[in-house]
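J.: sequence and computational prediction follow.
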Protein chains: 2
Amino acid sequence: MNQYVIIVAGGSGSRMNSDVPKQYMEANRLPIIVHTIKRFFEYDKNVHVICCVHANYSDYAEGLMQKYFPYAKIKIVLGGETRFHSVKNGLAVIKDDNSLVAIHDAARPLVSKETIKRCFVSAQENNSGVPVIKVSESIRSVDGKKSIAINRDNYRIVQTPQCFKTDVLQKAFEVEYKNSFTDDATVFENAGHVVNLVEGNIENIKITLPSDILIAEALLKK
Amino acid sequence: MNQYVIIVAGGSGSRMNSDVPKQYMEANRLPIIVHTIKRFFEYDKNVHVICCVHANYSDYAEGLMQKYFPYAKIKIVLGGETRFHSVKNGLAVIKDDNSLVAIHDAARPLVSKETIKRCFVSAQENNSGVPVIKVSESIRSVDGKKSIAINRDNYRIVQTPQCFKTDVLQKAFEVEYKNSFTDDATVFENAGHVVNLVEGNIENIKITLPSDILIAEALLKK
């Protein structure tokens, strides 16, 4: 089965107090999105990469791909208004019914090969594979000024890549956008399917704040 | 009002694959517990520090305190079977009814002065101040193999220092230990009090895994 990965890089970087979206910022002298794509090629050099990028950055992203992956066939696709719309645009270019697709945040350069593998294997066997990790700190549920301690063992933090059978996911995306679509698993679930969870890796953080770049640099050096 | 801080360092380091408990490991050439205590003295040099340590490390901890804080009066107290018992031992040495006490993990060297202040101010005004941060990633609640997406806006991650009026917390600790006592807020709550949440700081991570040391080093250098 062919394997595709849609790298979601549609963000505009507003949370980083920076003109450059976070996925294009450098960690250890390499743009974060380049680290991220390298992880997938390290997992399997035949994986098909599709990058969903903001229109303002499509030339820039194209240039990066030519510089760092000159021999790879990486498709650049324009992102949409939300993550849902970006992924939908990415899915539209896959004309391969018998395949698997991973949806991955460009700003998660620390995903392990093992996590990627677990997600694809689960997608092949169960239609979906979504990586999660345990919650390592105490959590409370809040309601206005009130809050109560809850049992963290009953919760998981969700990561990417979220992997699916391509045709099943494409069908699930043939719906109107809802605010509850916070990731791809929620769209898949909305179509009546059961999400299969697999183990993620704890280093697989999403770079959101400036301090996350420092953290990523430290972990990438390891 | 006098301010006390109980530094909880009773752990034995079993999760770090190390003979040395995590709070004694070094980050940027200084033991983590020393970074942690420095943060409280930077907040207020008159704060009274009580360290709850494992019996095997009491001499070692005593030596560290003499080396790094030669002029400070830091009390070393033996830790107990669980965090609850350690904190109870720490609370027992405070003979000062009109005071505030912060309970802080030795393995959180990145707490900010602002977080410490918010916690103490809240404890003075509302009997308690517990620092929390928003959940930045998607979360799911799990029940066996089933899971559902939940709205992360309704949850908070709990940090330390957890601050309280000393006499109120001492009373709350006069109970039998329960498994649900995962932190000090849950003990306080068990006594019928309402926990007041304040904003923590996002860098205030708890060092649990070896990779957390690298993260802490990067953030401490900032």
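T.: Received it, and whenever you're ready, just let me know what you need. Residues are numbered from 1 along each chain as shown, chains lettered A, B, ... in the order given.

J.: show me the shaky parts of chain A.
T.: Applying pLDDT under 70 to chain A picks out residues A:12-19.

J.: switch the cut-off to 90
T.: A:10-22, A:56, A:71, A:73, A:80-81, A:97, A:136-137, A:144-145, A:208-211, A:221-222 (pLDDT under 90).

J.: give me the contact list for whichever helix in it runs longest.
T.: Using DSSP state H to define each element, chain A has its longest helix at helix A:113-126. Here helix A:113-126 makes contact (C-beta atoms under 8 Å, 6 or more residues apart in numbering or on different chains) with A:1, A:3, A:39-40, A:42-43, A:100-102, A:128-131, A:159, A:161-165, A:196, A:198-201, A:204. Heads up, the C-betas are built off the backbone N, CA and C, glycines and all.

J.: same question, stretch A:42-57
T.: A:2-12, A:21, A:24, A:33, A:37, A:40-41, A:61, A:65, A:69, A:72-80, A:86-87, A:89-90, A:93-94, A:106, A:113, A:116-117.

J.: if we use 7 Å, what do you get?
T.: With C-beta atoms under 7 Å, 6 or more residues apart in numbering or on different chains as the test, stretch A:42-57 has contacts from A:2-10, A:12, A:21, A:24, A:37, A:40-41, A:61, A:72, A:74-79, A:86-87, A:89-90, A:93, A:113, A:116-117.

J.: still on that earlier bit, please list the members of the contacts of helix A:113-126 that lie in helices.
T.: Members of these lying in helices (criterion: DSSP H): A:39, A:40, A:42, A:43.

J.: ok, of those, which one's closest to chain B?
T.: residue A:39 (16.4 Å; C-beta to the nearest C-beta).

J.: thinking again about what came up before, just the buried ones from the contacts of stretch A:42-57?
T.: Buried members of those, scored by 16 or more other C-beta atoms under 10 Å in any protein chain shown, are A:3-10, A:21, A:24, A:37, A:40, A:61, A:74, A:76-77, A:79, A:86-87, A:89-90, A:116.

J.: among the residues you listed, which are in strands?
T.: Secondary structure defined by DSSP state E assigns A:3, A:4, A:5, A:6, A:7, A:8, A:9, A:74, A:76, A:77 of the buried ones among the contacts of stretch A:42-57 to strands.

J.: tabulate these (CSV), appending distance to residue B:145.
T.: Putting these into CSV (distance: C-beta to C-beta, whole Å) gives the following:
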residue, distance to residue B:145
A:3, 25
A:4, 27
A:5, 26
A:6, 26
A:7, 29
A:8, 27
A:9, 32
A:74, 36
A:76, 38
A:77, 34
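
J.: if we check chain B, which of those are in contact?
T.: Within the set of those, contact with chain B (C-beta under 7 Å from any C-beta of the partner chain) is found for no member.

J.: which residue lies nearest the spatial centre of chain A?
T.: Centre of chain A computed as the mean C-alpha position; nearest residue by C-alpha atoms, centre = their mean is residue A:104, 1.9 Å away.

J.: which non-adjacent residue is nearest it?
T.: What sits nearest to residue A:104 in space, not counting adjacent residues and going by C-beta to C-beta, 6 or more residues apart in numbering or on different chains, is residue A:161, at 4.0 Å.

J.: I figured the one you found hits residue A:105, correct?
T.: No: if you go by C-beta atoms under 7 Å, residue A:161 and residue A:105 don't touch, sitting 8.4 Å apart.

J.: can you give me the strands in chain A?
T.: Remark: strands assigned in chain A by DSSP E are A:2-9, A:26-27, A:30-31, A:48-53, A:74-78, A:99-105, A:128-134, A:139-143, A:146-150, A:155-158, A:162-165, A:197-199.

J.: for the last one, buried residues please.
T.: Residues A:197, A:198 are the ones in strand A:197-199 that count as buried (16+ other C-beta under 10 Å).

J.: near chain B, anything from that strand?
T.: Yes: on the criterion C-beta under 7 Å from any C-beta, strand A:197-199 is in touch with chain B at residue A:197.

J.: count the neighbours of residue A:134 for me.
T.: Each residue near residue A:134 was counted by other C-beta atoms under 10 Å in any protein chain shown, and the total is 13.

J.: any idea how far it is from chain B?
T.: Note on residue A:134: its distance to chain B, by C-beta to the nearest C-beta, to the nearest Å, is 10 Å.

J.: excluding covalently adjacent residues, which one is nearest to that residue?
T.: Spatial nearest neighbour of residue A:134, chain neighbours left out: residue A:156 (6.5 Å); criterion: C-beta to C-beta, 6+ apart.

J.: how about residue A:143: what's its closest non-neighbour residue?
T.: With C-beta to C-beta, 6+ apart, the residue lying closest to residue A:143 is residue B:154, at 7.0 Å.

J.: hang on, the earlier thing: buried ones from the contacts of helix A:113-126, can you make that a PyMOL selection?
T.: Command for PyMOL that selects the buried part of the contacts of helix A:113-126, burial taken from 16+ other C-beta under 10 Å:
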select buried, chain A and resi 3+39+40+43+100+101+102+128+129+130+131+159+161+162+163+164+165+196+198+200+201+204
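
J.: kindly check the end-to-end length of stretch A:37-48 for me.
T.: Chord length of stretch A:37-48, first to last residue, is 10 Å (C-alpha to C-alpha, to the nearest Å).

J.: so residue A:218 makes contact with residue B:216?
T.: No: at 8.8 Å, residue A:218 and residue B:216 do not qualify as touching, with contact defined as C-beta under 7 Å.

J.: any common contacting residues for the two?
T.: With contacts defined as C-beta under 7 Å, 6+ apart, no residue is shared by residue A:218 and residue B:216.

J.: any idea how far residue B:182 is from residue A:153?
T.: Separation of residue A:153 from residue B:182 (C-beta to C-beta, to the nearest Å): 10 Å.

J.: for those two, indicate the residue with more neighbours.
T.: Shown here are residue A:153 and residue B:182; by other C-beta under 10 Å, residue B:182 has more neighbours (20 against 9).

J.: that older thread, show me what contacts the residue nearest to residue A:134?
T.: Counting by C-beta under 7 Å, 6+ apart, residue A:156 touches A:132, A:133, A:134, A:135, A:197, B:139, B:140, B:142, B:147.

J.: are any of those buried, and which?
T.: Burial by neighbour count, judged by 16+ other C-beta under 10 Å, picks out A:132, A:133, A:135, A:197, B:139, B:140, B:142, B:147 from those.

J.: make a markdown table out of those and add distance to residue B:188.
T.: As requested, the buried ones among the contacts of residue A:156 are exported to a markdown table (distance: C-beta to C-beta, whole Å):
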| residue | distance to residue B:188 |
| --- | --- |
| A:132 | 31 |
| A:133 | 29 |
| A:135 | 21 |
| A:197 | 34 |
| B:139 | 25 |
| B:140 | 29 |
| B:142 | 28 |
| B:147 | 31 |
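
J.: nearest to residue B:190, of the residues you listed?
T.: Among the buried ones among the contacts of residue A:156, residue A:135 lies closest to residue B:190 (C-beta to C-beta), at 21.4 Å.

J.: please name the residues that touch the closest one.
T.: A:152, A:155, A:156, A:157.
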